[in-house]
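Asker: Need coordinates for the following:
(one chain, ligands or ions: 1)
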Amino acid sequence: MTALLELKDLTRSYGSLAAVDGVDLKVMPGERHALIGPNGAGKSTLFATVAGTLRATGGQVLFSGADVTSLPESERARRGMLRTYQHSSLFLGCSVLDNVALAVQRVHRVAHRFDRAAWRFRRAEAEANRHLDSVGLADRAGAKAAALSHGERRQLEVAMVLAAQPTLVMFDEPTAGMSAAETERFVELIQRLPGNLTLLIVEHDLDVVFRLADRVTVLHLGRVLASGPPERVQGDPQVQQAYLGTARTEDLFIEAGDR
Ligand SMILES: Nc1ncnc2c1ncn2[C@@H]1O[C@H](COP(=O)(O)OP(=O)(O)OP(=O)(O)O)[C@@H](O)[C@H]1O
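Answerer: Coordinates of the predicted model:
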């Protein structure tokens, strides 16, 4: 099977520092792939380079077999590579429904350019309601986005990403700043997403990682230290060594291991 996302010798340097240093990685269709590593390992830089927010300084990003390395983020998104942001990108003054309907219309403007506006709007609303339902926000459709809690805003962002009809969704620390209850709701939401959707998740909460991911890649000093099923990665002595002395050692080897 062809990988949906393949990174070949991907590098992103800042001057003499290679924040991402020759990364090879394959993400297969439908995979839930988590990217972890100690602080400064290069996770955010790798994520942004894959999404097209940052340009690679070497190597390649292949999506569905096509080289997208030199394409801007907007063109990668048009091809089905969608990312979320740590900072909210909502229209806070608009209703929850309108936020999603606008995201739906962005796709339809291209696909159905010649439809009548009123018909297009009704169709966008119907689709938006379906996406809100799938992220558990159907009963908040009429509320202003500004009135949503932090966790609900992240749910709304997922609905907006789904509206763009992605094949790959890249989550940037999705549960950062969430309460335990919000995190739980969010994990359940991700687990309910269609199985054919491929996910790449950068996440600090290792409990979330080990619940969601079927493959985990550990970065250290810009390089891939280990990559494989969660239980194998957890037991890797090199990974243990890399985390040693960081605040997250316990998370990785006690909490996650106890489940
Ligand atoms: N704009 C920049 N200019 C120079 N160096 C940078 C820049 N952004 C990141 N770096 C450096 O690149 C390395 C990787 O940083 P990055 O933020 O990608 O790591 P990370 O794994 O996401 O860390 P964290 O878990 O703390 O968010 C670090 O040494 C960092 O200091």
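
Asker: Name the nearest residue to Arg140, ignoring sequence neighbours.
Answerer: The shortest distance from Arg140 to any non-neighbouring residue, by CB to CB, 6 or more residues apart in numbering, is to Val96 (5.1 Å). (Glycine included, C-beta is placed from N, CA and C.)

Asker: now the one you found: how far from Ile201?
Answerer: 24 Å (CB to CB, to the nearest Å).

Asker: how many neighbours does the closest residue to the ligand within the stretch 51-200 of the chain have?
Answerer: With CB to the nearest ligand atom, the shortest gap between the stretch 51-200 of the chain and the ligand falls at Glu173, namely 7.9 Å. Using other CB atoms under 10 Å, the number of residues around Glu173 comes to 18.

Asker: go on, Ala176?
Answerer: Ala176: 14 neighbours (other CB under 10 Å).

Asker: Across the sheet, point out what pairs with the nearest residue to Arg215 once chain neighbours are set aside.
Answerer: In this structure, Arg215 finds its nearest non-sequential neighbour in His33, 4.9 Å apart by CB to CB, 6+ apart. Here His33 sits in beta bridges with Leu200, Arg215, as judged by DSSP bridges.

Asker: Could I get the pLDDT score of His33?
Answerer: On pLDDT, His33 comes in at 98.

Asker: Can you tell me the number of residues neighbouring it?
Answerer: 23.

Asker: got the contact list for it?
Answerer: His33 sits next to Val27, Thr198, Leu199, Leu200, Ile201, Ala213, Asp214, Arg215, Val216, Thr217 when contact means CB atoms under 8 Å, 6 or more residues apart in numbering.

Asker: for Leu193, same thing?
Answerer: Contacts of Leu193 by CB under 8 Å, 6+ apart are Ser134, Leu162, Val169, Leu199.

Asker: Which members of the residues you listed occur in strands, if any?
Answerer: Among those, the members falling in strands (DSSP state E) are Val169, Leu199.

Asker: Ranking by neighbours, what's the top pick from the contacts of Leu193?
Answerer: Using other CB under 10 Å as the neighbour criterion, Leu162 leads the contacts of Leu193 with 24 neighbours.
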